[in-house]
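predicted coordinates and the sequence they were generated for:
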Amino acid sequence: MKCLWRKTFELFRAHFILWAPCCAAALANLLLAWLEKVEIHSVLRWFMTQRSALGGAVPSNLDVAQHRARMVIYPLGFCREFLDVCFFVLAFAMTSKLVGMILNEQRPDLVMALKEIMQRWRGILLFSLKYMLLNGAGAAVFILLTFSPSISNRISELAASKVILYALGLVWEGCLAWLLMPAAIRLLQAPNIVPVSRENRTLGTIFTILAAAVSLVLEFFVGRAEAGIIFENQWELTAATAMNSIVVNAPNVLLFIALALLAYGSIGNENIHSIPEVVLLPPESLSE
């Protein structure tokens, strides 16, 4: 564990190019969120206005307009969430490819990494879909258990508090990581893979929980700091939001590097010889 953390932080500190995929994914998701808001407003305006026989615009029935708008907004939100996940899965795979280049003493190349990763676009889409389905199933179970008529109001109020939600979120993040860790590591490996070891699965899950916890702490402090600042124009607000998003997602860079090291350490002997032993340690030593 200490060796894996030391090597992860060393790569994180020494190679800023490893930050690029995750930062790009965070900024792309901000752009998607902005586009979604614009599209939602356009959809609402469209359904709130109808044309009269004389060609003029007259307000439509509010309830009917909202119902019709939801039929478009909900699928739009699902697509946006799916693209959010895809961007981070793509960043995850690109970070792993860059780590492999560094470990093989090659010059890390973002364009080359992207070209090689896009050859696995089916795997990236499938993994993103698995993540969304499992996450959605967990959220649905939580809502059913929390707001069921058989549950007392006191328990429902406790479950809705931020502290409980954050704690349950970390627990679910660990469960989700444990379930998806074999698929995540296989996504980074060559086709001739071996089963993911229990040690690597456990280490990956621990790093996922730690990264999620640090992100929550950073999000809290960033939110507190942002609340005390008055922005004079929209450009300042946009720049601050982008910077805050990069800061909050910084732990994901560490997580992606750590999972990349675990994935390369899990490759069979015929592939591990291509990576210098002084740089990438075998899985047994990573778990010490």
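The structure has been received and is ready for your questions.

tabulate the CA atom coordinates of stretch 244-254 in CSV.
Taking C-alpha atoms only, stretch 244-254 is exported to CSV below (Å, rounded to 0.1, in the frame of the first residue of the first chain):
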residue,chain,number,x,y,z
ASN,A,244,-12.9,24.8,-8.7
SER,A,245,-14.0,21.9,-10.8
ILE,A,246,-10.3,21.1,-11.5
VAL,A,247,-9.4,21.3,-7.8
VAL,A,248,-12.3,19.0,-6.7
ASN,A,249,-11.4,16.4,-9.4
ALA,A,250,-7.7,16.4,-8.5
PRO,A,251,-8.0,13.3,-6.3
ASN,A,252,-9.4,11.5,-9.4
VAL,A,253,-6.0,12.0,-11.1
LEU,A,254,-4.3,10.2,-8.2
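
pLDDT of that stretch, averaged?
Summarised as a single mean, pLDDT over stretch 244-254 is 91.

for stretch 169-186, same thing?
What stretch 169-186 shows for mean pLDDT is 90.

list the residues that contact the residue nearest to the spatial centre of the chain.
If you average the C-alpha coordinates of the chain and look for the closest C-alpha using CA atoms, centre = their mean, you land on residue 88, 4.7 Å from that point. Contact partners of residue 88, counting by CB atoms under 8 Å, 6 or more residues apart in numbering, are 22, 25, 29, 252. To be clear about C-beta, it is placed using only N, CA and C from the backbone, and glycine gets the same treatment.

repeat that for residue 96.
The contact partners of residue 96, taken as CB under 8 Å, 6+ apart, are 188, 256, 259, 260, 263.

next, the last one: secondary structure please.
Classification of residue 263 using DSSP: H, G, I helix; E, B strand; the rest coil returns helix.

around it, how many other residues sit close by?
Residue 263 is surrounded by 23 other residues when neighbours are defined as other CB atoms under 10 Å.

need the contact list for it.
By CB under 8 Å, 6+ apart, the residues touching residue 263 are 96, 185, 188, 189.

leaving out sequence neighbours, find the closest residue to it.
The spatially closest residue to residue 263, leaving aside those adjacent along the chain, is residue 188, at 3.8 Å (CB to CB, 6 or more residues apart in numbering).

ok, back up a step: of the contacts of residue 263, grab the buried ones for PyMOL.
Selection command for PyMOL covering only the buried members of the contacts of residue 263, criterion 16 or more other CB atoms under 10 Å:
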select buried, resi 96+185+188+189
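
from residue 242, how far off is residue 252?
In this structure, residue 252 and residue 242 are separated by 16 Å, where distance is defined by CB to CB, to the nearest Å.

among those two, which residue is more densely surrounded?
Legend: neighbour count by other CB under 10 Å for residue 252 and residue 242, higher for residue 252 (24 against 15).

could you pull up the residues touching that one?
22, 88, 91, 211, 215.

and for the fourth one, the neighbour number?
Neighbour count for residue 211, taken as other CB under 10 Å: 22.

go on, the first one?
The number of residues packed around residue 22, counting by other CB under 10 Å, is 25.
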